[in-house]
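Trainee: got a predicted model here, sequence first, then my questions.
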Amino acid sequence: MPFATPHYIFSLILYLFYDTIYQKGILLINLDKKALKRESIILASLKLFSSNGFHKTTIPDIAKQLNMSVGNLYNYFKSKDILAKELLKYTSETVGAEIRKVNALDTSTEKKIKMIVELYFSMAKERPEMIEYFLRVYLSYRDVFKDGCEGMLCVSGFVTEIMIFFDNGVECGELRDQDFFSAFGLFMGYLGGMVFLKGEEILPNELEAYIDDISYNIYNALKR
Amino acid sequence: MKKLKLLWLQSLTCNGNSHSFFNHPDLFAILSKFELIYFPLIDTKYSLEDILHKQLECDILIIEGSIKKGLIKNGVDYSKLIENYAQEAKHIITAGTCATFGGVFKEYDPERISGFCFDKERVKENFNSYKDKLISLPGCPIHPKWLSYVLQMLGSGNTIPIDKLNRPQELYNITVHTGCSRNEYFEWKIDTKGFGHKEGCSFYEHGCQGPYSRGSCNKILWNDTSSKTIVGTPCFGCTEPTFPKERLFFTKTNMGIPATMPLEVSKRAYLTITGIAKSFTIKRLERNIIDYDS
């Protein structure tokens, strides 16, 4: 029965549904291209906002950097404020994803503290725009974020992982049970402050030089 | 239709489940559908002597109280007596958390006291012998209508869908949280200021175990009127194999994060949702429901 061969059946399906398969394929390729373009806008604007400041950076500046038209950029982000909020979510998710990897490790809280300090400082060095955006845009231009990024709305990716880190630390008996924000402020305020000082060129040494001391200080401040 | 014969036996018990059942508004109508051959707290056709010395026919055996091997009460070995009738009965109902999982009495002698077929959540050796006719009804005490639901289903020849611990799905496949009038406060993470208040949720600071306790307390109300969580007392999780826990009016937290999550909710999912919910202030929920000064 030559008609029943797999090759014949496959050819028949292809013939019958050619239009649908072709259209869906094109659609998927377009979706992928759109997602990539969107990410390239995020990465470029992060760098521009962080280095030039929020108000000095315009949508045409970002479009020019990417060799795209201003009109096309607005197809991806309807306004500069919307883009600013998306950047905050992006940085929060990116840092959160790194801390999530640390949370998943089967190791002591003391070691995890050092890993988080390392990854935070490493990110501040390798991708400074990620941390700078938070410190110099989000914390400085609160008006931009007051509608749509209330409380933890745009930073939950990062804060959730820190919560899980603290929860695990208390649950396993290594960390002292205390108010979340007193611990959060001590940990993240400390790291953010060091990166800010580095950005102001006040620190005499590179950030890596402080990893051991800072990890030690944080652990001793939080331990049971 | 022939009435099913009902036998109620007690082991280590405070009588709480019996008394709860006596509060059923339709108690006599329900009992009239069965032939009550023995019940320790009310006059019945047969006495304890008869139960002991005759092998009476029994369709439904209700067990109340924790099981302790070799327990002698009034000269009677109750674990043997219960086992004897359990073998003959067509249906077995363990009424209450003590009879089902061990409950409060288990705390006294954890090694020797357990439920009839379960020791907390652990399955006992006799489970295989009874699993096809066992209905678990945990609760401290059981709601009278949970028992009447089971009795009426059995009396009318219906099959009761059960879960892996033999609990009726109709009653235990939801949590106590389901239907609680404070759910809006739970959604927006607003804790109650104290016990008995109309406003706020007891989950965050006051020990409420409703989101991780199976039961229909807020679907089938107590006294047809209310429930503990509605009146402002935390749910103690009395239907759970782990009951009783310590510090019932206190929520264990790790840096403000509840140590126990709502049933089958991951900590990451919970913290993401709660973090966002906490970011907003809903002024209506900050106000008293009734302003007594106006």
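Mentor: Yep, it's here. Numbers count the residues shown, from 1 in each chain, chains lettered A, B, ... in the order given.
Trainee: show me which residues of chain A are close to chain B?
Mentor: By the rule Cβ under 8 Å from any Cβ of the partner chain, the part of chain A lying against chain B is A:150-153, A:156-157, A:159-160, A:163-164, A:166-167, A:169-171, A:175, A:177-180, A:183. Yep, even glycine has a C-beta here, placed from its N, CA and C like the rest.
Trainee: and B:Gly75, what pLDDT?
Mentor: On pLDDT, B:Gly75 comes in at 89.
Trainee: right, I mislabeled it, should have said A:Asp32
Mentor: pLDDT, A:Asp32: 81.
Trainee: burial measure for whatever residue of chain A ends up closest to chain B, as a count.
Mentor: Residue nearest to chain B within chain A: A:Gly151 (2.2 Å; Cβ to the nearest Cβ). If you count neighbours by other Cβ atoms under 10 Å in any protein chain shown, A:Gly151 ends up with 15.
Trainee: one more: A:Lys64?
Mentor: The local packing of A:Lys64 (other Cβ under 10 Å) involves 15 other residues.
Trainee: the one 5 residues further on too?
Mentor: Close neighbours of A:Ser69, defined as other Cβ under 10 Å, add up to 12.
Trainee: doesn't A:Ala63 make contact with it?
Mentor: Yes. With contact defined as Cβ atoms under 8 Å, A:Ser69 counts as touching A:Ala63 (6.3 Å).
Trainee: nearest to chain A: which residue in the stretch 51-200 of chain B?
Mentor: Closest point on the stretch 51-200 of chain B to chain A, by Cβ to the nearest Cβ, is B:Lys189, at 10.9 Å.
Trainee: next one: A:Ile29, what pLDDT does it get?
Mentor: In this model, A:Ile29 carries a pLDDT of 66.
Trainee: ditto for A:Asp19
Mentor: You'll see A:Asp19 listed with a pLDDT of 69.
Trainee: among the residues of chain A next to chain B, name the buried ones.
Mentor: A:152-153, A:156-157, A:159-160, A:163-164, A:166-167, A:169-171, A:175, A:177, A:180, A:183 (16 or more other Cβ atoms under 10 Å in any protein chain shown).
Trainee: in helices, which of the residues of chain A next to chain B appear?
Mentor: A:156-157, A:159-160, A:163-164, A:166-167, A:169-171, A:180, A:183 (DSSP state H).
Trainee: ok, for B:Lys278, nearest residue in space, not its chain neighbours?
Mentor: B:Lys189 (4.9 Å; Cβ to Cβ, 6 or more residues apart in numbering or on different chains).
Trainee: so how far is B:Cys98 from the residue nearest to A:Leu186 when sequence neighbours are not counted?
Mentor: Distances taken as Cβ to Cβ, 6+ apart place A:Ala221 nearest to A:Leu186, at 5.7 Å, with adjacent residues excluded. For A:Ala221, the distance to B:Cys98 equals 47 Å [Cβ to Cβ, to the nearest Å].
Trainee: higher neighbour count, these two?
Mentor: Comparing A:Ala221 with B:Cys98 by other Cβ under 10 Å, the one with more neighbours is B:Cys98, at 32 against 14.
Trainee: in chain B, which helix or strand is least confident?
Mentor: Lowest on mean pLDDT, DSSP states H and E among the helices and strands of chain B sits strand B:72-73, with a mean of 89.
Trainee: who's in contact with that one?
Mentor: For strand B:72-73, contacts defined as Cβ atoms under 8 Å, 6 or more residues apart in numbering or on different chains pick out B:Tyr78.
Trainee: partners of the very next helix or strand once past that strand in the sheet?
Mentor: Using DSSP states H and E, the next helix or strand after strand B:72-73 towards the C-terminus is strand B:76-77. Applying DSSP bridges, strand B:76-77 is found paired with strand B:72-73 (antiparallel).
Trainee: so where do the strands sit in the chain?
Mentor: By default, I'm working from chain A. Here chain A has no strands by DSSP state E.
Trainee: sorry, should have said chain B
Mentor: Using DSSP E, the strands found in chain B span residues B:4-10, B:34-38, B:60-64, B:67-68, B:72-73, B:76-77, B:91-95, B:113-114, B:118-119, B:122-123, B:134-137, B:253-254, B:257-258.
Trainee: so the third one versus strand B:34-38, what angle?
Mentor: If I follow you right, that is strand B:60-64. Orientation of strand B:60-64 against strand B:34-38 (axes from the mean of the first three to the mean of the last three Cα atoms, to 10 degrees) gives an angle of 50 degrees.
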